[in-house]
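> Here is my input; please provide its structure:
(4 chains)
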Number of protein chains: 2
Amino acid sequence: MSNKTVKSHHHGDLREALINSGIQLLNEGGMNALSLRKCAAAAGVSHAAPAHHFSGLQGLVAAIVDRGMAMFACAMQKKIDQADNEPIARLLAMCDGYLGFAIENEGLAYLMFNQKNDFMENQQQGRNANAAFNILVDSCAPFKDGPKGPLATQYAVWSLIQGYTHLFQMGQLKADQACPTVDFTDLLAMLNLEIESNIDC
Amino acid sequence: MSNKTVKSHHHGDLREALINSGIQLLNEGGMNALSLRKCAAAAGVSHAAPAHHFSGLQGLVAAIVDRGMAMFACAMQKKIDQADNEPIARLLAMCDGYLGFAIENEGLAYLMFNQKNDFMENQQQGRNANAAFNILVDSCAPFKDGPKGPLATQYAVWSLIQGYTHLFQMGQLKADQACPTVDFTDLLAMLNLEIESNIDC
DNA sequence: GACAGCAGCTTGACAGTGTCAAGATTATTG
DNA sequence: CAATAATCTTGACACTGTCAAGCTGCTGTC
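Numbering: from 1, shown residues only, chains lettered A, B, ... in the order given. Take a look at the predicted model:
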């Protein structure tokens, strides 16, 4: 497939090619369009070749999720960097990036967010996932925790944006009836978020 | 299989049996354990028999989701009926039933909540789904809508409980680190919920 | 009561899937 | 250069959903 070299027995960068093919299949045909054999075919390679780079389908999925997490973290960070240097604006920007990523990468995001997460256990695998998670944590850091204990703000925001994104992905937020779509900004505004004193940046 | 009648060519209630087998398979072996052929085998019937009751796997899934929605609505209503006759208590009870159902029926709930919803379009199919949805709507009805428009309360609560449930299903709420699990009550307490005046029950 | 029609189910086949074992080819290393 | 390891191919297997064709027994009509 390469025009630089004559066709070799070795692909050269099959692992990368398989991940890319997988993401493309996901975003084109949704969850059920992903298969080892189709990835192999898209990379111009025999059906059993992927087994030497991933331990079965689950391994390919893990690699795709890992790649997706890097893209996800990047998408959120980009929005945050464009926002005003103020806690609420940055939090909203993070959520904007969260939802935007899920919209622009529908199949990939579905795979990522609906996969049981063993990342915390496989430390090696989850570096990108942790990076994405830390962006969420950092965005919530300037706000006081609720009276009922620490982390409440963080999990409230996470649940809210994840739930909203999920409802969107499942087509539950269509504005087909009289009511217009409820914007996420309005939902976040309902949360009691108090800025901790003496915080800059 | 029945001890009342001799074995007949006809099963008698195959449709029900297939749905029940499907739910059992889901809750025992998770999402990937569900297959038409295994449902058929569990019902003691040939592999192609389901095709005469459902239009393929998708049809069986739709029937299972429909059944699940009835159970879901029942679970929420039961909790609400046990709660104090007061808006906040009833809202919390609804969320308790929501999460509890997902915990007690892991595989089924995963199938239900991660399926793109065509219920609003297939009016006939979605009666049970609408019943469950209406319980959510009714639980939010006593509360004022936010300043930014109607339905904000409803979608904030829905996003929050769905997101929290989803994080739980994906194993993101484990209290493995120093922090204990964040209770949903604490998250709901962070929402600005004002009771509308002149409402009883 | 007999017979046609039909719904319920079976059998057999097909393409697609993941996974394994064995072998062929290429790159790397001593 | 030769041995070894990495990479990929080929072939096979069990499992999946789906379709076509046929068998079985119930139901309704004359």
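
> Which element, helix or strand, includes A:T185?
helix A:184-189 (DSSP states H and E).

> Tell me the spacing between A:N20 and DNA strand D.
Using CB to the nearest atom of the strand, to the nearest Å, we find A:N20 at a distance of 14 Å from DNA strand D. Every residue, glycine included, has its C-beta placed from N, CA and C.

> So which residues of chain A form helices?
With helices called from DSSP state H, chain A shows them at A:14-29, A:36-42, A:56-82, A:87-104, A:106-113, A:127-140, A:152-169, A:184-189.

> which helices and strands does the second one pack with?
Applying 3 or more CB pairs under 8 Å, 6 or more residues apart in numbering or on different chains; DSSP states H and E, one finds that helix A:36-42 contacts helix A:14-29, helix A:56-82.

> Tell me, how many residues neighbour A:M71?
Counted with other CB atoms under 10 Å in any protein chain shown, the neighbours of A:M71 add up to 18.

> for the one 5 residues further on, same thing?
A:M76 has 24 neighbouring residues, counting by other CB under 10 Å.

> Then A:V65?
By other CB under 10 Å, 21 other residues sit near A:V65.

> for it, what are its contacts?
A:L111, A:M112, A:Q115, A:A129 (CB atoms under 8 Å, 6 or more residues apart in numbering or on different chains).

> what do you get for A:L14?
Residues in contact with A:L14, defined by CB under 8 Å, 6+ apart, are A:A43, A:V45, A:A49, A:P50, A:H53.

> Provide the backbone phi and psi angles at the last one.
It stands for A:H53. The phi/psi pair for A:H53 (degrees, to the nearest 10) reads phi -120, psi -20.

> Give me the pLDDT for the nearest residue to it once chain neighbours are set aside.
Leaving aside its chain neighbours, A:H53 sits nearest to A:R15 (4.5 Å; criterion: CB to CB, 6 or more residues apart in numbering or on different chains). Model confidence at A:R15, given as pLDDT, is 95.

> Now for A:R15, how many residues are close by?
15.

> In chain A, where is pLDDT below threshold?
Chain A contains residues with pLDDT under 70 at A:1-9, A:117-125, A:146-150, A:175-180, A:197-201.

> Give me the neighbour count for whichever residue of it sits closest to chain B.
Closest to chain B within chain A is A:G163: 2.8 Å, counting by CB to the nearest CB. The number of residues packed near A:G163 is 24, by other CB under 10 Å.

> And for the one 5 residues further on?
Residues near A:F168, counting by other CB under 10 Å, number 18.

> With A:F113 instead?
21.

> what's the spacing between it and A:G56?
When distance is defined by CB to CB, to the nearest Å, A:F113 is 22 Å away from A:G56.

> same thing with A:G12?
23 Å.

> Of the contacts of A:V65 - the most surrounded one?
A:M112 leads the contacts of A:V65 on contacts (other CB under 10 Å) with 24 neighbours.

> Who are the contact partners of that residue?
A:V65, A:G68, A:M69, A:F72 are the contacts of A:M112 under CB under 8 Å, 6+ apart.

> Include distance to A:K38 when you put those into a markdown table, please.
Output for the contacts of A:M112, formatted as a markdown table (distance: CB to CB, whole Å):
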| residue | distance to A:K38 |
| --- | --- |
| A:V65 | 18 |
| A:G68 | 18 |
| A:M69 | 23 |
| A:F72 | 24 |
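
> tell me which of these is nearest to DNA strand D?
DNA strand D lies nearest to A:V65 out of those, by CB to the nearest atom of the strand, at 21.0 Å.

> Mark out where each domain of chain A begins and ends.
As assigned by automatic domain parsing, chain A contains the domains A:1-53, A:66-189.

> quick one: which of those domains is nearest DNA strand C?
Using CB to the nearest atom of the strand as the measure, domain A:1-53 is the one of those that comes nearest DNA strand C, at 2.8 Å.

> hang on, the earlier thing: buried set for the helix holding A:T185?
Neighbour-count burial for helix A:184-189 flags A:F184, A:D186, A:L187, A:L188, A:A189 (criterion: 16 or more other CB atoms under 10 Å in any protein chain shown).

> contacting residues around the residue minimising distance to the centre of chain A?
Nearest residue to the geometric centre of chain A (CA atoms, centre = their mean): A:F72, 4.1 Å. Going by CB under 8 Å, 6+ apart, A:F72 touches A:Y98, A:F101, A:A109, A:M112, A:A132.

> redo that, cut-off 6 Å
Residues in contact with A:F72 (CB atoms under 6 Å, 6 or more residues apart in numbering or on different chains) are A:F101, A:A132.

> same thing with A:S21?
By CB under 6 Å, 6+ apart, the residues touching A:S21 are A:C39, A:A42, A:A43.

> Against A:S35, how distant is it?
A:S21 is 10 Å from A:S35, by CB to CB.

> ditto for A:D66
Taking CB to CB as the measure, A:D66 falls 19 Å from A:S35.

> More neighbours: which of the two?
Using other CB under 10 Å as the criterion, A:D66 and A:S35 rank with A:D66 on top: 19 against 15.

> That one touches A:N128, doesn't it?
Yes - A:D66 lies in contact with A:N128 (CB atoms under 6 Å); the separation is 5.3 Å.

> related to what we said a few turns ago, can you tell me which of the domains of chain A is nearest to B:F168?
B:F168 sits nearest to domain A:66-189 of all the domains of chain A, at 9.5 Å, using CB to CB.

> Dump the contacts of A:V65 to a markdown table, plus distance to DNA strand C.
A markdown table is the format used below for the contacts of A:V65 (distance: CB to the nearest atom of the strand, whole Å):
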| residue | distance to DNA strand C |
| --- | --- |
| A:L111 | 13 |
| A:M112 | 18 |
| A:Q115 | 15 |
| A:A129 | 22 |
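
> Which one of those is nearest to A:K79?
A:M112 (17.7 Å).

> follow-up on the earlier one: is any residue of the helix holding A:T185 near chain B?
Yes - contact of helix A:184-189 with chain B (CB under 6 Å from any CB of the partner chain) involves A:D186, A:L187.
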